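Participant: please work out how this folds:
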Amino acid sequence: MNSEPHSEIFFNSRTSGHYLVANIHIRIHRQLRKQISELGKATEQTYAGNFKHRITIKSKDEIGKLGDAFNKMLDELDKKEKSKNEYSEFITLINQNPTLSEISEAALAKIINNGGFIIGGLYTVDEGEINLISSYGFDFRKSEQSGEFALHKRSLKQGKVELYAEDYLPVVSSGLMEIKIKYLLLLPIIYNNKITALLELGSINKPSEEVIDYLDKIKDQLAIGITNSKALVQMENFVAELKKLNDEYQKQNIQIKQQNDTLIKLHNDLKEQAEELERQKRKQKNRHKLSRSSWQVCLTN
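Facilitator: Got it, this is the predicted structure:
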């Protein structure tokens, strides 16, 4: 029996097996190198401050799990970077808008844009009195007239008020359609343990935790901005009042000067009249003496 064909078949099978295993190893090695290279590039991008780059995951092994964890880490870093930028932009916005109306309109528009809200209102609170200073997407004066200010007063007493999917939440009209909001937030803005303003926001969906965190971060800066703007308004009113008092004081000074000038003129006129009277008196006296002397001369003759 000839064993050479069997040996040749065995040798070819063994050779093919080695080749197949080697090919698999090469492919796995290339795939690992590619994924590790992508991890390296992603790490470089992250180090450079780019948190938008993501790794394409092509396997479910340890490298794939590592890539998935890396992408999740980038998601968190991206959220934090976005939150930090939005906070910085908000502070810049507060500093660039000094008046109360400017800061309220700019801040409210920024909050609604970043938070995905569809309506919003910002109110000042002074000695428990609530006054609307800015609104977005909704006429809040109608709410005040319809008695819905009770929610606002409730927020002043108990703090943050959240209403979700309540039947009595308002319907927003855009002119073309009506949208019923599903979420309403009333957030007191506190400065030095005193409520200085009230923020009202509404949306069709409940905001995410990131949005709530964003509001918690900016409310202190908003409180400072509103308080500074109020102080500026009070200072401007104080300066205007001082100017008014100064103008009245100047008018009074002018009147007093005019009266004083009149009195001086009157005094001078009286003095001239007195001097003239004295001169006339002396002339009369001299004439009387002269007349008496003439009469005595006549008697002597």
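Participant: who's in contact with residue 154?
Facilitator: Residue 154 sits next to 161, 186 when contact means CB atoms under 8 Å, 6 or more residues apart in numbering. The C-beta positions use only the backbone N, C-alpha and C, and glycine is treated the same way.
Participant: that one is in what secondary structure piece?
Facilitator: Assigned by DSSP states H and E, residue 154 belongs to helix 149-158.
Participant: return the set of buried residues in that helix.
Facilitator: 151-152, 155-156 (16 or more other CB atoms under 10 Å).
Participant: now stretch 188-195
Facilitator: 188-189, 191, 195.
Participant: any chance of these in JSON lines, plus secondary structure?
Facilitator: Below are these laid out as JSON lines (DSSP: H, G, I helix; E, B strand; the rest coil):
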{"residue": "188", "secondary structure": "strand"}
{"residue": "189", "secondary structure": "strand"}
{"residue": "191", "secondary structure": "strand"}
{"residue": "195", "secondary structure": "strand"}
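Participant: in a markdown table: these, plus pLDDT and distance to residue 102.
Facilitator: A markdown table is the format used below for those (pLDDT from 0 to 100; distance: CB to CB, whole Å):
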| residue | pLDDT | distance to residue 102 |
| --- | --- | --- |
| 188 | 93 | 22 |
| 189 | 91 | 17 |
| 191 | 89 | 18 |
| 195 | 91 | 22 |
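Participant: would you turn the residues you listed into a markdown table with distance to residue 111?
Facilitator: Shown next, in a markdown table, are these (distance: CB to CB, whole Å):
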| residue | distance to residue 111 |
| --- | --- |
| 188 | 15 |
| 189 | 11 |
| 191 | 17 |
| 195 | 18 |
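Participant: quick one: the helices in the stretch 201-301 of the chain, in order.
Facilitator: Under the criterion DSSP state H, counting those that start in this stretch, the stretch 201-301 of the chain contains helices at 209-300.
Participant: low pLDDT regions in it?
Facilitator: 292-301 (pLDDT under 70).
Participant: 90 - rerun?
Facilitator: Scanning the stretch 201-301 of the chain for pLDDT under 90 picks out the ranges 202-242, 245-249, 252-253, 259-261, 263, 266-301.
Participant: ok, for residue 105, nearest residue in space, not its chain neighbours?
Facilitator: Distance criterion CB to CB, 6 or more residues apart in numbering; nearest residue to residue 105, sequence neighbours excluded, is residue 134 at 4.8 Å.
Participant: and the angle for the helix or strand harbouring the one you found with helix 149-158?
Facilitator: Assigned by DSSP H and E, residue 134 belongs to strand 129-136. Put simply, strand 129-136 runs at 110 degrees to helix 149-158, going by axes from the mean of the first three to the mean of the last three CA atoms, to 10 degrees.
Participant: elements contacting strand 129-136?
Facilitator: helix 100-115, strand 119-126, helix 140-145, helix 149-158 (3 or more CB pairs under 8 Å, 6 or more residues apart in numbering; DSSP states H and E).
Participant: among the ones you listed, which is nearest residue 38?
Facilitator: For those, proximity to residue 38 was assessed by CB to CB; helix 100-115 is nearest, at 32.1 Å.
Participant: could I get the buried residue list for the closest one?
Facilitator: 100, 103-108, 110-112, 114-115.
Participant: with stretch 225-240 instead?
Facilitator: 225-230.
Participant: ok, so of these, who is nearest residue 128?
Facilitator: residue 230 (15.4 Å).
Participant: return the residues in contact with that closest one.
Facilitator: 100, 124, 196.
Participant: about what we covered before: list just the nearest of the buried residues of helix 149-158 to residue 66.
Facilitator: Residue 66 lies nearest to residue 155 out of the buried residues of helix 149-158, by CB to CB, at 47.4 Å.
Participant: once you drop chain neighbours, what's closest to the closest one?
Facilitator: The nearest residue in space to residue 155 (CB to CB, 6+ apart) is residue 186, at 3.9 Å.
Participant: phi and psi next, for that neighbour.
Facilitator: Reported as degrees, to the nearest 10, the phi and psi values for residue 186 are phi -120, psi 120.
Participant: touching, it and residue 152? I think so.
Facilitator: Yes - taking CB atoms under 8 Å as the definition, residue 186 is a contact partner of residue 152 at 6.3 Å.
Participant: quickly list what's touching both of these two.
Facilitator: 198, 200.
Participant: hang on, the earlier thing: quick one: the strand holding residue 134 to strand 119-126, angle?
Facilitator: Going by the same axes, to 10 degrees, strand 129-136 makes 150 degrees with strand 119-126.
Participant: hmm, who's touching strand 129-136?
Facilitator: Taking CB under 8 Å, 6+ apart as the rule, strand 129-136 contacts 100-101, 104-105, 108-109, 112, 119-124, 140-141, 144, 149, 152-153, 156, 198.
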